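Q: turn this into a structure:
(2 chains)
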Amino acid sequence: MPLNPELHTTMEQIVGARIADVFEACDFAESVISDVNSIIADAGAEIQHTIEQPFAHIHQELAQESSSLAQSADAPAATDTVQSLADKARSAATQVNFEQLLIDAQRDAA
Amino acid sequence: MIRKFMPKIQASNKHAARIEAYRNLVRREARIGGSLFGTLPNGHRREFFCLDKHTWVWHEEWTDKLGQKHVRNTRYDVRPTGVVKIQDGRGYQALSPSEARNLRDAIRLYKQRVLTELYKQPL
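A: Numbers count the residues shown, from 1 in each chain, chains lettered A, B, ... in the order given. I've put the predicted structure just below:
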(Lines give C-alpha, C1' and ligand atoms only; values in the text may rest on other atoms or scores of the structure.)
Protein backbone atom coordinates (compact mmCIF):
# COMPACT_ATOMS: atom_id res chain seq x y z
CA MET A 1 0.00 0.00 0.00
CA PRO A 2 1.58 3.29 -1.04
CA LEU A 3 2.27 5.84 1.62
CA ASN A 4 -0.14 8.71 1.98
CA PRO A 5 1.48 11.65 0.09
CA GLU A 6 0.94 14.00 2.99
CA LEU A 7 2.50 11.51 5.38
CA HIS A 8 5.34 10.94 2.94
CA THR A 9 6.07 14.66 2.87
CA THR A 10 5.94 14.86 6.64
CA MET A 11 8.33 11.98 7.06
CA GLU A 12 10.65 13.50 4.48
CA GLN A 13 10.71 16.74 6.46
CA ILE A 14 11.36 14.96 9.73
CA VAL A 15 14.16 12.82 8.32
CA GLY A 16 15.65 15.87 6.60
CA ALA A 17 15.59 17.79 9.86
CA ARG A 18 17.25 14.95 11.75
CA ILE A 19 19.97 14.48 9.12
CA ALA A 20 20.74 18.20 9.32
CA ASP A 21 20.91 17.96 13.13
CA VAL A 22 23.28 15.01 12.97
CA PHE A 23 25.59 16.78 10.52
CA GLU A 24 25.58 19.91 12.66
CA ALA A 25 26.26 18.05 15.91
CA CYS A 26 29.04 15.92 14.44
CA ASP A 27 30.80 18.79 12.70
CA PHE A 28 30.54 21.05 15.74
CA ALA A 29 31.92 18.42 18.12
CA GLU A 30 34.76 17.58 15.77
CA SER A 31 35.74 21.23 15.33
CA VAL A 32 35.67 21.87 19.09
CA ILE A 33 37.71 18.79 19.96
CA SER A 34 40.20 19.43 17.17
CA ASP A 35 40.62 23.05 18.33
CA VAL A 36 41.10 22.00 21.93
CA ASN A 37 43.64 19.37 20.91
CA SER A 38 45.61 21.85 18.87
CA ILE A 39 45.49 24.34 21.75
CA ILE A 40 46.81 21.66 24.10
CA ALA A 41 49.56 20.74 21.62
CA ASP A 42 50.60 24.37 21.18
CA ALA A 43 50.33 25.05 24.89
CA GLY A 44 52.80 22.26 25.62
CA ALA A 45 55.54 24.01 23.69
CA GLU A 46 54.40 27.43 24.93
CA ILE A 47 54.42 26.43 28.59
CA GLN A 48 58.02 25.24 28.43
CA HIS A 49 59.17 28.60 27.08
CA THR A 50 57.12 30.73 29.44
CA ILE A 51 58.17 28.85 32.58
CA GLU A 52 61.82 29.28 31.81
CA GLN A 53 61.62 33.01 31.06
CA PRO A 54 60.49 34.39 34.45
CA PHE A 55 62.88 32.12 36.32
CA ALA A 56 65.79 33.23 34.16
CA HIS A 57 64.91 36.84 34.97
CA ILE A 58 64.66 36.15 38.71
CA HIS A 59 67.98 34.34 38.75
CA GLN A 60 69.55 37.28 36.98
CA GLU A 61 68.19 39.78 39.50
CA LEU A 62 69.36 37.71 42.45
CA ALA A 63 72.81 37.41 40.97
CA GLN A 64 73.01 41.19 40.50
CA GLU A 65 71.84 41.89 44.06
CA SER A 66 74.31 39.55 45.71
CA SER A 67 77.20 41.02 43.74
CA SER A 68 76.18 44.57 44.66
CA LEU A 69 75.90 43.63 48.35
CA ALA A 70 79.34 42.14 48.29
CA GLN A 71 80.72 45.35 46.76
CA SER A 72 79.16 47.75 49.23
CA ALA A 73 81.14 46.70 52.34
CA ASP A 74 80.92 50.18 53.91
CA ALA A 75 77.16 50.31 53.84
CA PRO A 76 75.50 49.20 57.06
CA ALA A 77 74.09 45.71 56.93
CA ALA A 78 70.45 45.12 57.81
CA THR A 79 71.42 43.65 61.19
CA ASP A 80 73.44 46.77 62.03
CA THR A 81 70.41 48.96 61.37
CA VAL A 82 68.22 46.90 63.67
CA GLN A 83 70.88 46.99 66.39
CA SER A 84 71.23 50.74 66.23
CA LEU A 85 67.47 51.18 66.53
CA ALA A 86 67.40 48.97 69.62
CA ASP A 87 70.20 50.97 71.18
CA LYS A 88 68.38 54.18 70.51
CA ALA A 89 65.23 52.84 72.13
CA ARG A 90 67.18 51.75 75.24
CA SER A 91 68.84 55.08 75.65
CA ALA A 92 65.51 56.85 75.21
CA ALA A 93 63.99 54.65 77.90
CA THR A 94 66.73 55.53 80.41
CA GLN A 95 65.98 59.19 79.93
CA VAL A 96 62.34 58.79 80.98
CA ASN A 97 61.65 59.48 84.69
CA PHE A 98 59.39 56.57 85.60
CA GLU A 99 59.10 57.66 89.20
CA GLN A 100 57.68 61.00 88.21
CA LEU A 101 55.30 59.31 85.85
CA LEU A 102 53.87 57.18 88.68
CA ILE A 103 53.45 60.22 90.94
CA ASP A 104 51.62 62.13 88.21
CA ALA A 105 49.38 59.16 87.50
CA GLN A 106 48.40 58.85 91.20
CA ARG A 107 47.64 62.57 91.39
CA ASP A 108 45.40 62.33 88.32
CA ALA A 109 43.53 59.36 89.80
CA ALA A 110 42.82 61.18 93.06
CA MET B 1 -18.64 23.04 19.34
CA ILE B 2 -16.46 19.98 18.90
CA ARG B 3 -16.03 20.79 15.21
CA LYS B 4 -14.62 24.16 16.28
CA PHE B 5 -11.89 22.48 18.29
CA MET B 6 -11.23 19.60 15.92
CA PRO B 7 -8.60 21.43 13.80
CA LYS B 8 -6.70 22.38 16.97
CA ILE B 9 -6.83 18.84 18.26
CA GLN B 10 -5.78 17.47 14.90
CA ALA B 11 -2.92 19.99 14.69
CA SER B 12 -1.83 19.09 18.20
CA ASN B 13 -1.97 15.38 17.32
CA LYS B 14 0.06 16.02 14.19
CA HIS B 15 2.67 17.91 16.17
CA ALA B 16 2.89 15.11 18.73
CA ALA B 17 3.18 12.59 15.91
CA ARG B 18 6.06 14.54 14.36
CA ILE B 19 7.88 14.68 17.68
CA GLU B 20 7.38 10.97 18.20
CA ALA B 21 8.61 10.22 14.68
CA TYR B 22 11.73 12.33 15.32
CA ARG B 23 12.32 10.49 18.61
CA ASN B 24 12.00 7.15 16.86
CA LEU B 25 14.77 8.17 14.50
CA VAL B 26 16.97 9.11 17.44
CA ARG B 27 16.27 5.73 19.08
CA ARG B 28 17.33 3.90 15.93
CA GLU B 29 20.49 6.02 15.74
CA ALA B 30 21.18 5.28 19.41
CA ARG B 31 21.21 1.53 18.71
CA ILE B 32 23.65 2.01 15.84
CA GLY B 33 25.75 4.26 18.07
CA GLY B 34 25.82 1.62 20.80
CA SER B 35 27.16 -0.98 18.38
CA LEU B 36 30.17 1.18 17.44
CA PHE B 37 32.15 -0.04 20.44
CA GLY B 38 32.11 -3.73 19.76
CA THR B 39 29.88 -6.65 20.72
CA LEU B 40 28.14 -6.53 24.04
CA PRO B 41 27.78 -9.35 26.54
CA ASN B 42 24.31 -10.77 27.20
CA GLY B 43 22.07 -8.59 29.28
CA HIS B 44 24.12 -5.54 28.45
CA ARG B 45 22.58 -2.61 26.59
CA ARG B 46 24.44 0.37 25.25
CA GLU B 47 23.30 3.43 23.36
CA PHE B 48 25.24 6.37 21.99
CA PHE B 49 23.64 9.27 20.15
CA CYS B 50 23.49 13.00 19.71
CA LEU B 51 20.57 14.62 21.43
CA ASP B 52 21.14 18.02 19.86
CA LYS B 53 23.96 20.17 18.50
CA HIS B 54 25.69 20.39 21.90
CA THR B 55 24.81 17.13 23.61
CA TRP B 56 25.99 13.57 23.18
CA VAL B 57 24.64 10.77 25.33
CA TRP B 58 26.21 7.46 26.30
CA HIS B 59 23.72 5.21 28.04
CA GLU B 60 24.59 1.84 29.46
CA GLU B 61 22.55 -0.77 31.32
CA TRP B 62 23.65 -4.14 32.57
CA THR B 63 22.86 -6.77 35.14
CA ASP B 64 25.65 -8.06 37.32
CA LYS B 65 26.25 -11.64 38.48
CA LEU B 66 24.06 -11.07 41.50
CA GLY B 67 21.15 -10.06 39.30
CA GLN B 68 21.35 -6.41 40.24
CA LYS B 69 20.60 -3.94 37.49
CA HIS B 70 23.00 -1.08 36.87
CA VAL B 71 22.49 2.04 34.79
CA ARG B 72 25.11 4.58 33.79
CA ASN B 73 24.25 7.73 31.91
CA THR B 74 27.02 9.92 30.61
CA ARG B 75 26.30 13.21 28.94
CA TYR B 76 28.94 15.05 26.92
CA ASP B 77 28.28 18.75 26.77
CA VAL B 78 30.08 20.24 23.77
CA ARG B 79 30.86 23.92 24.25
CA PRO B 80 32.93 26.24 22.07
CA THR B 81 35.68 26.15 24.71
CA GLY B 82 35.75 22.36 25.09
CA VAL B 83 33.83 19.32 26.20
CA VAL B 84 32.64 18.53 29.70
CA LYS B 85 31.27 15.25 30.95
CA ILE B 86 28.40 14.75 33.37
CA GLN B 87 28.07 11.22 34.67
CA ASP B 88 24.83 10.13 36.34
CA GLY B 89 23.99 13.78 36.96
CA ARG B 90 27.00 14.26 39.23
CA GLY B 91 29.07 17.38 38.58
CA TYR B 92 31.01 18.48 35.52
CA GLN B 93 34.32 16.91 34.65
CA ALA B 94 36.72 18.05 31.98
CA LEU B 95 37.77 15.44 29.46
CA SER B 96 41.33 14.33 29.26
CA PRO B 97 42.95 14.82 25.85
CA SER B 98 42.83 11.08 25.15
CA GLU B 99 39.16 10.80 26.09
CA ALA B 100 38.40 13.81 23.91
CA ARG B 101 40.15 12.15 20.97
CA ASN B 102 38.25 8.91 21.57
CA LEU B 103 35.00 10.82 21.62
CA ARG B 104 35.90 12.58 18.40
CA ASP B 105 36.65 9.23 16.72
CA ALA B 106 33.37 7.78 18.00
CA ILE B 107 31.47 10.75 16.63
CA ARG B 108 33.15 10.42 13.24
CA LEU B 109 32.18 6.78 13.07
CA TYR B 110 28.67 7.55 14.27
CA LYS B 111 28.18 10.07 11.50
CA GLN B 112 29.44 7.63 8.90
CA ARG B 113 27.35 4.66 10.06
CA VAL B 114 24.13 6.55 10.78
CA LEU B 115 24.11 8.55 7.58
CA THR B 116 24.93 5.61 5.33
CA GLU B 117 23.07 2.77 7.08
CA LEU B 118 19.97 4.55 8.35
CA TYR B 119 19.49 7.48 6.03
CA LYS B 120 21.18 6.09 2.92
CA GLN B 121 23.10 9.32 2.51
CA PRO B 122 26.36 9.51 0.59
CA LEU B 123 29.28 10.91 2.58
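
Q: tell me which parts of chain B are close to chain A?
A: Within reach of chain A by C-beta under 8 Å from any C-beta of the partner chain, chain B has these residues: B:14, B:18, B:21-22, B:25-26, B:29, B:50, B:52-56, B:76, B:78-83, B:97, B:100-101, B:103-104, B:107-108, B:110-111, B:114-115, B:119, B:121. Bear in mind the C-beta positions are built from the backbone N, C-alpha and C, glycine included.

Q: those residues in helices, which ones?
A: Counting by DSSP state H, the part of the residues of chain B next to chain A found in helices is B:14, B:18, B:21-22, B:25-26, B:29, B:97, B:100-101, B:103-104, B:107-108, B:110-111.

Q: what subset of these is buried?
A: The neighbour count (16 or more other C-beta atoms under 10 Å in any protein chain shown) marks B:21, B:22, B:25, B:26, B:29, B:100, B:103, B:104, B:107, B:110, B:111 as buried among those.

Q: would you turn these into TSV with pLDDT and distance to residue A:26?
A: Below are these laid out as TSV (pLDDT from 0 to 100; distance: C-beta to C-beta, whole Å):
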residue	pLDDT	distance to residue A:26
B:21	91	21
B:22	93	17
B:25	94	15
B:26	95	14
B:29	96	11
B:100	88	15
B:103	92	11
B:104	92	10
B:107	95	5
B:110	95	7
B:111	95	4
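
Q: which of those residues sit farthest apart?
A: B:21 and B:100 (33.1 Å; C-beta to C-beta).

Q: tell me what the host helix or strand of residue B:32 is packed against?
A: Remark: residue B:32 resides in helix B:2-34, with elements defined by DSSP states H and E. The contact analysis (3 or more C-beta pairs under 8 Å, 6 or more residues apart in numbering or on different chains; DSSP states H and E) places helix B:2-34 against helix A:5-71, strand B:45-52, strand B:55-63, helix B:97-113.
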